[in-house]
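Chemist: Let me see the structure of the following:
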Amino acid sequence: CLATLVIMLVGDTYTLINYVSFINYLCYGVTIIGLLVLRWKKPKIFRPIKVNLLVPITYLAFWAFLLIFSLYSEPVVCGVGLIIILTGVPVFFLGVYWRNKPKCVNRLTESVTCWGQKLCFVVYPQGGVAEED
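Modeler: Numbering: from 1, shown residues only. This next block holds a predicted model:
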């Protein structure tokens, strides 16, 4: 989010849309790859919707073409998009991967999460009671 705010202040909206669209298409492809890996590694788990494997494989073929074309035609935009994605890696390590955090770090992440949930009306904070309308 901070990287997006900086880009919005520095660049124009068209460039930001290009960064985000590259990130979205990259994530869609990785999701489809995850679907195929789960179908291969865990074929017996319950799936409420089953899709013929030809559909995701065809999607991945078009996805790869578009992604390679994007990397070839606009490498700077794609590079900045990858940098935006990589800004989440430290957040992952601080918030998820690091198990034995000091209590002050836990309190800070909980308060930031609670503030963000209240700001965006997303989810009621943990430990909080749902308010009546």
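Chemist: I'd like to know how far the residue positioned nearest the centre of the chain sits from residue 21.
Modeler: Nearest to the geometric centre of the chain sits residue 27, at 6.7 Å (Cα atoms, centre = their mean). Distance, residue 27 to residue 21, by Cβ to Cβ, to the nearest Å: 11 Å. For the C-beta atoms, the positions are set from N, CA and C on the backbone; glycine is no exception.
Chemist: Likewise for residue 118?
Modeler: 30 Å.
Chemist: which regions of this protein lie under the pLDDT threshold?
Modeler: The chain contains residues with pLDDT under 70 at 1-4, 7-8, 10-11, 124-133.
Chemist: which other helices and strands contact the longest helix along the chain?
Modeler: Looking across the chain with DSSP state H, the single longest helix is helix 13-41. Where contact means 3 or more Cβ pairs under 8 Å, 6 or more residues apart in numbering; DSSP states H and E, helix 13-41 is packed against helix 2-10, helix 54-73, helix 75-86.
Chemist: That one vs helix 75-86, what angle?
Modeler: 60 degrees (axes from the mean of the first three to the mean of the last three Cα atoms, to 10 degrees).
Chemist: how deep is residue 22 tucked in, by neighbour count?
Modeler: Counted by other Cβ atoms under 10 Å, the residues lying close to residue 22 total 23.
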